Structures are given as C-alpha cells and as structure tokens.
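Asker: Sharing a model that was predicted from the sequence below.
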2 protein chains.
Amino acid sequence: MAKPKKTPRPKAITPKGFQDYFGVEVTERKTMLDQIAEVYHLYGFEALETSAVETVEALGKFLPDVDRPNEGVFAWQEDADLEKPGDWMALRYDMTAPLARVAAQYRNDLPSPYRRFAMGPVWRNEKPGPGRFRQFYQCDADTVGAPSVAADAEICMMLSDTLEAVGIPRGDYIIRVNNRKVLNGVMEVAGVLDPSDPTKFEDERGTVLRAIDKLDKFGDAGVRLLLGKGRMDDSGDFTDGAGLTDAQADIVMGFMDAKRETGAETVARLMELVGDSQVGAEGVAELETIADLMAQGGYGPDRIVIDPSVVRGLGYYTGPVYEAELTFEVKDEKGRPRQFGSVAGGGRYDDLVKRFTGQEVPATGVSIGVDRLLAALRAKGRMGDQPAGPIVVTVMDKARIGDYMEMVSELRQAGIRAEMYLGNPKNFGNQLKYADKRQSPVAIIQGDDEHERGVIQIKDLILGAKLAENATLEEWKERPSQYEVPRGDIIAKVREIIEMYS
Amino acid sequence: MAKPKKTPRPKAITPKGFQDYFGVEVTERKTMLDQIAEVYHLYGFEALETSAVETVEALGKFLPDVDRPNEGVFAWQEDADLEKPGDWMALRYDMTAPLARVAAQYRNDLPSPYRRFAMGPVWRNEKPGPGRFRQFYQCDADTVGAPSVAADAEICMMLSDTLEAVGIPRGDYIIRVNNRKVLNGVMEVAGVLDPSDPTKFEDERGTVLRAIDKLDKFGDAGVRLLLGKGRMDDSGDFTDGAGLTDAQADIVMGFMDAKRETGAETVARLMELVGDSQVGAEGVAELETIADLMAQGGYGPDRIVIDPSVVRGLGYYTGPVYEAELTFEVKDEKGRPRQFGSVAGGGRYDDLVKRFTGQEVPATGVSIGVDRLLAALRAKGRMGDQPAGPIVVTVMDKARIGDYMEMVSELRQAGIRAEMYLGNPKNFGNQLKYADKRQSPVAIIQGDDEHERGVIQIKDLILGAKLAENATLEEWKERPSQYEVPRGDIIAKVREIIEMYS
C-alpha cells in the first residue's frame, strides 16, 4: 500500500503587506477613532458602515476589455449560477466609492444634504513595501448634496477641531486651502485652457498638473523645466515638458507662490493673476468666502490658511482642496530633522453619484490618515506609553484555586484589572516571570501558612524591579517591596499601591 | 464610423448577502462592543487585531486535490511572481483561525497563558438567505495555554458579567455548561467507544453525535429513532440510525436528561452514568470543579448551571462546552411566543496551535453573536430608540451665512450637536422638511428683521409636531412652540428645550 502523502504543516506568518496589532496598539487607535467620531457627531455627521465587499462594477474598477478586474483591488469572481456568470466582487479600496454607491442607492431616503462619516479598514492590492501596507484605516467625513462652499469651510473647521481633540495642539498643525478652479483660471490665462473648447490642450494640462505635483520633489527650478522644455533627471532620463513659454510658466509658478501675509492679500494676489478668467475669478471668490467664514468663525490663520501652494489632489478635485499638515519636526530614519507633514486631505468632487444616476451631485469631504496621525502622536510622546498590566494572583496551592479566583473576582468587582495565573503553577518562578511579562504592578501570594493566618502577601513589582536595579542594602531594608496584610484588606492595599504609581 | 459602445451605468446595490448600517445602527453596536471590551479588559484579556486577510493555507481551508480553495470562504489567488505561483488568500471566516496562527507565530513573545479578545467582521461565502449574511460581527475571548478548567470557569463568569454589562438582567439569561469528555464516557459505556482502539466505531459515534445534535429539532422520540434503527421524515426520506440497542440508547438519552435541581445532584447523576469510564469520570470531575468554582465565586444557578442537555458543539470541542441563552420570550415572525435562544457559545479545543507547530496547546474560548445580542436588546426595548437629531440653524439670508455658521459654532462649542442647513436655502419649507428628516428637536431662524432687532426665533419642533397632530386651538395659543429670544440667549434657550425632552 502506498504511504499516504503527508500534508506539510502550514506556515504561521502574517500575509505579506498585512499587520497584526496587539493590546495597546489596538486600544490607542480605538481611542483616537472615538475622539474623532465625537467631533464628527457634534458637527451633525451620521455614522455609515458599509460592508467591506462591493461589486467591482460599483467600485468602478472594471475594465470592459479584460477578463480580470483592474489591478489595485483584491477581487474574485462569484460562483456562476444557472442564469449568468458570477459577478466580480472586490474589497473596497477607499470609503468614497461605497459612499457614492450608498448616496445613489438610498437617495430618496437620506436627508439632503447628507453628512456622513465612515471609519474602517480599506484594502489595496499593491506590492507591499516598507511602511506600505495592503490594509489600513481610513476615517472620512463627507457632505453630499451641498453646493455651497460653506460645506467646505465647515469641514476645514471640523478638521481643525478634530486635530485638537486627538491631542495636536494649536500651532503644531496648519490646514491649507486651495481651489482647483483657480488653477483652471491659471491654465486659461497661461493659454492651455480654452473655455470654448475644453477638450483642447488636454495633454498640456495633464503635463502641467503632473509638473506642479512635483513641487515638493523637484523644487521651483525642476517644475519650471517640466512646464517648459522638459527635465533630465540624474540618471539621464528625460521627461518631456508642457512646452509653455517663460511668460506662461511665470503665471503657473506665480499661482503656487501667491500666498501672502493674510488671506485677504492672498486673495487679492490671486485675483491679479486669474481675474480675467471667469472660472478663475469664481475660484478666487470661493476662497474669499471660505476666508471670510473662517475669520468670522474665529478660525484664524494659526489654524486655517489660504495657500495656493497646496497642489496635491488638484487633478482629482473640482473646487476647494484642503490639506492638514503637522508642522512640528521629527527625526527621519537617518536622524535628520524634518516636518512631520500631511495627515489629512480632501476637497470637493462634484461627480460622485453621477456614475450611477447620471445626475450631478455636489460633494465635499476629508479623509484622515489614522495610522499617520497615531505615529505623529507617538513621535510627540503623547501616546505609546505601555499601560500597567493586570494584578496577578499567583497559585501556591492547586487545591485552593477557588480562593484565588475569589480574590480575583473581588478585585474585578472593585474595578481593578486582575488575573489568576492559569498556567501550570508548579514552578513559582514562572508565575513571577509571567507577571513581569504582563507588566503587572502587583502580585498577590497566599501560601498555606498565610491562609491559616488569614493574611496575604502583596508584592509591589514596580518598586521591586527598581530596587533590584540600583538600590543599596539600606534602601532595600528601608523600603520593603512586599507587604503582609489581612486578607480583608486586599482591595485597600492594592489600590494604595497602584494609586502611588498613577 | 462605428458608434463607440457606451458603458452602461453601474447598478447602485448592496452586494447580495451584505448590509449597510446607518447612524444609530452603527453607534448602538459600537456601544455594545465597548461595553463587552471593558469587561474583557477587566478580566486581563488583551486586544488583538489581525488583518481581514489570511493565507488559505493558514486558514486550513485548502483541499490538496483541487485547484480552488474550499467553498465557504471568499478567496483569490495572488499574482504569480518569477519564483512561484501566487498564494491563495482569503477573508477570515472566524476569529479562531487567525488566533491559532498568531499563537503559533508569536509563541516566544506572547505571555503564556495568553488571554486575548478580538472583535470585528468575519466573512462566509454562503448562499445568502433571509437573516443569513455573508459578513457579520464576532466578538471572541480565548485563553491559550491554560490546561486548567479554571480557565473555562473564568470565561463562563466573564460571559455572565458581560451579558449583564450590555443590559441583559440576571434572570433573563442562563449559561449552561457541559463536557465533551462526559459524552465520550457515555459512548464508552454505551459500547461505541473502545479506549484501547479509538478508531473503532467511528461511524457509529458520528451518527450518535449527529443524532443528539437534533434534540431541539426532533425531540426525544426522534433522537431515539436516530440512535436506533433510523428515522423516516415527513417526506418519506429515511435516515440511517446508529444501530444502538434500547439499553445503549437509554444511556445516551439519560446523559442529555441528567440535569437535576442542583449542580451537585447533576454531577452525582452523571457519575452514576459514566463513572465506569475513565474519560467519563474525568469529564464529570471537571464539571464538578467548575460547579465548585462557580459556587465559591458567587455565580449561582440563576446564572450558570451544569446542563448535559447542551449538545451543540460537542462534536467540535474536546472538554468543557458552554452556551449562553436568553430565556425571555419574544414573538416570532408569526406572532407566536418563543424563547430568544442562544447568543454566545464556546468551549475547550486543545489542538489549536498543533496544525502549525506540532505541539499541543490547550485553549478555551467564547464567541458572542453581537448582532443577535443587539436584536435581543431591541426586542426588549432596551435599544433602538431613535436619538434626537442635531439642532438645525436655517438660512434665511444667503449673504449672512457667516452669522449662521457662528451660531452653529457656538452651539457646538457648548457641546450641543448642531448643523447649518447646507442645501439650497431658497425654499424655506425644504429647510424645515430637512430638520424633520434629521429628527431635530429645535430649529433656529433669523431673518433680516430679527437680525436688525438682535433676536432669533427658536422653534420647538417636538412640541410643534405634537401640537400639529392633536392640539385644540386653545392649546396652540397657550403653549407656543416658537420663542423669540435675544441672540445672546441662544445656548441657554436651546439647552432649556432639549433638557425638557431628555
């Protein structure tokens, strides 16, 4: 008889590009999401939780000429049934696509405007790399059906309140606002947008958009090359430019450089640049309205500023664009100081629901990068402290487990986090090692002798560890780290010790 | 020229078997998860959050003889690279399989025993049906590496505390405990388990397991048939029986019927039945220990009982098995009263990590069906109240949006949920309809006239709705539902109205 093939043992590994989060990593994020949700709720936004799965069709990632859905999403085909082949399904890659589906599907039932927030994981089928994950949290707030820029202003104010609520103090962040319509005005004045034929110069505009998106990377000079004849990189590769004349390029560069001391001055400068373009003037007027609303609402330039150098996302959005940056310095991996940078961004996109219904619905919204914001708070030392672990009640006598469980029960009922040691109690050293690994502040010990005398031993593990590290003999004697107290004093004594350290 | 093919509009529909949750549906579940997490944390359990995606290999759903993973999970194949074909990946179908992977992967770093809890969605690739969804929440707590039944007892106590914490009062639930080892003893005494050759009578035991699992469905008589010669159903289909003699079947039936007035009596009865079997006696001793620990911990039979009629999951678990049932009556879809039934279950399974490491690791844990528990609380009227919506500040004069935003801002800063109407303000009726849809308790109105006089109108929408329904003319006059107050009194007056209704 042939020997049956043995199945090899499966490997216990986190799938590539995914992560496991333990204890405080989970609870700190939860605390932050709760703080954000509280602000969103105060602003009248309602929670929405869609499923992780959408049809690929609804996500809009289906290319009609290929059998498999687009790259970038995790997708699979449903089993076929008698009537038709199975639909392609996929994990959502952001929170906006499901919102678009919901806004179309429930348009007769939802209030309009509809303010909603959504928090949860999204998935990207990308090649994993350092710091690039295939599942991460997003935390979005959007207003659907509000044409007024008051909706954009409101979201900027809410973003400011949110950052302060999670622990970024005023002065450590700035929210910058720009407007795609002003850029369109710039394009018009620079001669690469013809309002009477919007399809003309499409390629040039694409190159301009890509060029200004590189401002952070290549600086003024690099962007100028890309706006003009083109740019050769260090490796000798040449990128074609948009072919603008110097005068045309001046206008584009002037746009990104238009920020002045005050919002009013910036608006005036932008009007000089694009006032001749109808769409440009409209964009400047919108920025002016936003600036006025901010000023009246008390959100000064220490929190929210009009800043035309914000170019990220200008290609995607259709009106106001906003971005929150943390302005304090952190050390990069090589120890050099650098600004922490962007933690949230958003803007107005007016074709959200149109894909589904054909009807244009104005929308604006923001997405907070929760994991980056957590990293920022940790970098500032405002999170990431390992909290004290539970009290550990050790097991000295297996026959008296009921007594030990009773102690644990009492502690828990008093609101004190506590555990009985549940491993093999034979080796007492293992029990203390366990308490150490659990970062327990206190261990409780009751052998037969203590039991007969109606007492317990309470070991202060924090002090014990400190003394073990660097105490003199006198200090050891003076400050005992173990106390014998009557069994009935368990709560009082434990509370006394943990309060000493909190 | 051929007309370019138009892509049809995508359909805006929730994928089959999935659900969208709005507003209070999201926040009520969140509140419940928070309450559960608090109890779990107090018991020393640590949060663990793994990704939604696992390799199919780690999930253990891969059949070596087929190309596609097993049914039941949503799975897809990663893109191949130069070295090898892509791995099959899948969405987790429960929280236990990822725990097994983590317990094996991090076994040198995690404390042992490891108490962990996990909450989140799981996915099942099943044919959707009424009330059967393909994504739903699980909320698990498990202790890995604890051989003692004290770990099982602890989880039962924690489950009891959890149910009370979320709002199920004592008396409205019962936790029943049974033990697979006792059933093995029953099998031995009934002659279908030979301790010297455990592979013998495997088929018979399978039939016995399936038979007792049908107790709820077919009752005593039906199960007796399945234990004996077999059973014909109403349609004439015949199910083969286990072929036990009447005497053998008596032992099995006696097991399920062994519950007595007190835990001690039940244990004594079980000992009569299976005392001759070594494994059976071991199981009874475990139940006795659990009963003792419960009694000593003050968890009386009004909360946790030894009940051998709990047979669900006995085929899967290896030691103690426990189940929480809600005992109050609800009406079924036909209006007939029925017990609400099971909302949580779990037990001991000692081969969790073995698949990965070859090493046996004892584990025990519980899973709470969050959605069923929510449904129970709603059925009892303890949840599901639509909370009041935000205050709505209406827009009477588009030019004074800044003033209205300021009012909203003031309200929010006072901790009062508020919105400015962000739709087209032209039709004032639409604004009040919007406030109605938002279930706003109060609307604020300030036209030019009020602005000049430094006042606002505050409309009590709850009273207004009541009066509109059934008030007499006198009542209308006596109890105005609209107040004119100085602009400076906005917070005080709004607070007065909402506090009247809370």
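Answerer: Arrived safely, thanks for sending.

Asker: Quick check: which ranges of the stretch 401-502 of chain A have low pLDDT?
Answerer: Within the stretch 401-502 of chain A, the segments meeting pLDDT under 70 span A:471, A:473-479.

Asker: Near chain B, which residues of it are found?
Answerer: Contacts of the stretch 401-502 of chain A with chain B, taken as Cβ under 8 Å from any Cβ of the partner chain, map to A:401-403, A:405-406, A:409, A:412, A:415, A:417-424, A:434, A:437-438. The C-beta positions use only the backbone N, C-alpha and C, and glycine is treated the same way.

Asker: Can you give me the domain assignment for chain A?
Answerer: A:24-52+A:92-190+A:244-379, A:391-500 (automatic domain parsing).

Asker: Now do the end-to-end distance for the shortest one.
Answerer: Spelled out, that is domain A:391-500. Start and end residues of domain A:391-500 are separated by 15 Å (Cα to Cα, to the nearest Å).

Asker: secondary structure class for the closest residue to residue A:303 other than its chain neighbours?
Answerer: Of all residues not flanking residue A:303 in the chain, residue A:160 sits nearest, at 4.8 Å (Cβ to Cβ, 6 or more residues apart in numbering or on different chains). With DSSP: H, G, I helix; E, B strand; the rest coil as the basis, residue A:160 sits in helix.

Asker: same deal with the one 4 residues further on?
Answerer: Reducing the assignment at residue A:164 to three states with three-state DSSP gives helix.

Asker: With the one 10 residues further on instead?
Answerer: Secondary structure assignment for residue A:174 (three-state DSSP): strand.

Asker: Tell me what it is bridged to.
Answerer: residue A:325 (DSSP bridges).

Asker: Distance check, it against residue A:130.
Answerer: 28 Å (Cβ to Cβ, to the nearest Å).

Asker: of the two, who's got more company?
Answerer: Counted by other Cβ atoms under 10 Å in any protein chain shown, residue A:174 and residue A:130 do not tie: residue A:174 has more neighbours, with 19 against 5.

Asker: ok, that one touching residue A:328?
Answerer: No - using Cβ atoms under 8 Å, residue A:174 is not in contact with residue A:328; the gap is 10.8 Å.

Asker: So, low pLDDT: which residues of the stretch 1-150 of chain A?
Answerer: For the stretch 1-150 of chain A (pLDDT under 70), the answer is A:1-7, A:61-70, A:82.

Asker: picking up where we left off before, is it possible to mark the buried ones in the residues of the stretch 401-502 of chain A next to chain B?
Answerer: By neighbour count, with 16 or more other Cβ atoms under 10 Å in any protein chain shown, those hold A:401-403, A:405-406, A:409, A:412, A:417-424, A:434, A:438 as buried.

Asker: residue ranges for the helices of the stretch 51-200 of chain A, please.
Answerer: Assigned by DSSP state H, counting those that start in this stretch, the stretch 51-200 of chain A shows helices spanning A:56-59, A:96-105, A:149-166, A:180-189.

Asker: any chance of these in CSV, plus mean neighbour count?
Answerer: Converted to CSV, the helices of the stretch 51-200 of chain A look like this (neighbours: other Cβ atoms under 10 Å in any protein chain shown):
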stretch, mean neighbour count
helix A:56-59, 24
helix A:96-105, 24
helix A:149-166, 24
helix A:180-189, 26
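
Asker: For these, give me CSV that also has distance to residue A:320.
Answerer: Shown next, in CSV, are the helices of the stretch 51-200 of chain A (distance: least, Cβ to Cβ, whole Å):
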stretch, distance to residue A:320
helix A:56-59, 26
helix A:96-105, 16
helix A:149-166, 4
helix A:180-189, 8
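
Asker: and of the ones you listed, who's closest to residue A:430?
Answerer: The minimum distance between residue A:430 and the helices of the stretch 51-200 of chain A falls on helix A:149-166, with 40.2 Å, by Cβ to Cβ.

Asker: Residue A:201: neighbouring residues, count only.
Answerer: Neighbours of residue A:201 (other Cβ under 10 Å): 19.

Asker: Can you give me the distance of it to residue B:139?
Answerer: Residue A:201 sits 57 Å away from residue B:139, going by Cβ to Cβ.

Asker: How about the residues of the stretch 101-250 of chain A by chain B?
Answerer: A:101-102, A:104-106, A:111-113, A:115, A:121, A:123, A:134-135, A:143, A:145-148, A:150-151, A:153-154, A:157, A:161.

Asker: Assumed residue A:285 was part of a helix.
Answerer: Yes - membership of residue A:285 in a helix is supported by three-state DSSP.

Asker: Quick check: it vs chain B, distance?
Answerer: For residue A:285, the distance to chain B (Cβ to the nearest Cβ, to the nearest Å) stands at 13 Å.

Asker: Let me know which of the domains of chain A is tucked in deepest.
Answerer: domain A:24-52+A:92-190+A:244-379 (a mean of 20; mean count of other Cβ atoms under 10 Å in any protein chain shown).

Asker: May I have the distance across that one, first residue to last?
Answerer: Using Cα to Cα, the end-to-end distance of domain A:24-52+A:92-190+A:244-379 comes to 16 Å.

Asker: And for stretch A:15-31?
Answerer: End to end - Cα to Cα - stretch A:15-31 spans 26 Å.

Asker: What of stretch A:124-132?
Answerer: 10 Å.

Asker: again, but for stretch A:409-421
Answerer: Its first and final residues considered, stretch A:409-421 spans 13 Å by Cα to Cα.

Asker: Equivalent analysis for stretch A:87-103, please.
Answerer: 22 Å.

Asker: chain center to it: distance?
Answerer: 19 Å (Cα atoms, centre = their mean, to the nearest Å).

Asker: what does stretch A:253-267 give?
Answerer: The answer for stretch A:253-267 is 29 Å, by Cα atoms, centre = their mean.

Asker: Looking at that stretch now, give me its mean pLDDT.
Answerer: When pLDDT is averaged along stretch A:253-267, the result is 90.

Asker: Dump it to PDB, restricted to CA.
Answerer: Output of stretch A:253-267 as PDB, limited to C-alpha atoms (Å, rounded to 0.1, in the frame of the first residue of the first chain):
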ATOM      1  CA  MET A 253       4.700  79.500 -10.900                       C
ATOM      2  CA  GLY A 254       3.100  82.700  -9.600                       C
ATOM      3  CA  PHE A 255       0.000  80.800  -8.700                       C
ATOM      4  CA  MET A 256       1.800  78.400  -6.400                       C
ATOM      5  CA  ASP A 257       3.700  81.400  -5.000                       C
ATOM      6  CA  ALA A 258       0.700  83.500  -4.400                       C
ATOM      7  CA  LYS A 259       0.500  83.100  -0.600                       C
ATOM      8  CA  ARG A 260       0.700  86.400   1.200                       C
ATOM      9  CA  GLU A 261       0.700  87.500   4.900                       C
ATOM     10  CA  THR A 262      -3.100  87.500   5.200                       C
ATOM     11  CA  GLY A 263      -5.900  85.600   3.400                       C
ATOM     12  CA  ALA A 264      -7.200  88.900   2.000                       C
ATOM     13  CA  GLU A 265      -3.800  89.700   0.500                       C
ATOM     14  CA  THR A 266      -3.500  86.200  -1.000                       C
ATOM     15  CA  VAL A 267      -7.000  86.500  -2.500                       C
END
